[in-house]
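1. here's my sequence, what's the structure:
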Amino acid sequence: MLKKVFTRGDLLNLLEKEAEKYRLQALASIERNRHMNDLSVEDLAQLKKNQQLTQRVINALLVDFINVVGTSQCCDYGLNTKQLESKAKWVQHHDDRPCTARLTTQDGGRWCPKCKLHPDMQSTCLYPYCPSCDRSLKNMKCPKCGQIFQRPSS
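-> Below is the predicted model:
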């Protein structure tokens, strides 16, 4: 039986995928694991004051770390922060005014929890949502975490 060889590229791809998932939860993880780092409560309060700057620094650190690992493995990976940024996800909604409820999957089909109908394709539309907070975006900005997203491609 042949075993798949884990290449340097596979390692860098794995690190990139994990960083993409981790980056939005990084500050909470750092705070939760404060016993493993030397950040004080005051340090964390400062980081939380300007969450947009903090997120950009976290993204930059993750990208730099992955690129340094790549360089140490003789691989110019060339990852940049834009590649880590999540895109908004599309979520289907019922679109027969006045009902604009989010559709859910129940019994293998889509149904509207508000009006209890199974809308056809002409009665649905897609709304952009934050992939980590699962909230509807307002002008492509998450009302919970404040992250700004690019419009997703369908």
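
2. what residues of stretch 36-47 count as buried?
-> The neighbour-count check on stretch 36-47 (16 or more other C-beta atoms under 10 Å) flags Leu44, Leu47 as buried. For every residue, glycine as well, the C-beta is placed using N, CA and C.

3. quick one: average pLDDT of it?
-> For stretch 36-47, mean pLDDT is 94.

4. try stretch 8-21
-> Stretch 8-21 comes out at a mean pLDDT of 87.

5. quick check: can you list the domain ranges of this structure?
-> Per automatic domain parsing, the domain ranges recorded for the chain read 8-84, 87-154.

6. and the strands in the chain?
-> 89-94, 104-106, 109-111, 124-129 (DSSP state E).

7. out of the ones you listed, which comes closest to Glu42?
-> strand 124-129 (34.4 Å; C-beta to C-beta).

8. so what does that closest one touch, helix or strand wise?
-> With contacts defined as 3 or more C-beta pairs under 8 Å, 6 or more residues apart in numbering; DSSP states H and E, strand 124-129 has these neighbours: strand 89-94.

9. the domains of the chain: lowest mean pLDDT?
-> domain 87-154 (a mean of 80).

10. pretty sure Ser29 is touching Lys21, no?
-> No: if you go by C-beta atoms under 8 Å, Ser29 and Lys21 don't touch, sitting 11.2 Å apart.

11. okay, these two: which has more neighbours?
-> Neighbours were counted for Ser29 and for Lys21 using other C-beta atoms under 10 Å; Lys21 has more, 12 against 9.

12. so how far is Trp90 from the more buried one?
-> 19 Å (C-beta to C-beta, to the nearest Å).

13. what are the ranges of the helices in the protein?
-> 8-22, 26-32, 41-49, 51-72, 81-84 (DSSP state H).

14. right, and those - which one's nearest Asp120?
-> Proximity to Asp120, assessed across the helices of the chain by C-beta to C-beta, is greatest for helix 8-22 (35.1 Å).

15. return the list of helices and strands in contact with the closest one.
-> Helices and strands touching helix 8-22, by 3+ C-beta pairs under 8 Å, 6+ apart, are helix 51-72, helix 81-84.

16. and the ones you listed as JSON lines, adding mean neighbour count and distance to Asn33?
-> Shown next, in JSON lines, are the helices and strands packed on helix 8-22 (neighbours: other C-beta atoms under 10 Å; distance: least, C-beta to C-beta, whole Å):
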{"stretch": "helix 51-72", "mean neighbour count": "15", "distance to Asn33": "14"}
{"stretch": "helix 81-84", "mean neighbour count": "15", "distance to Asn33": "21"}
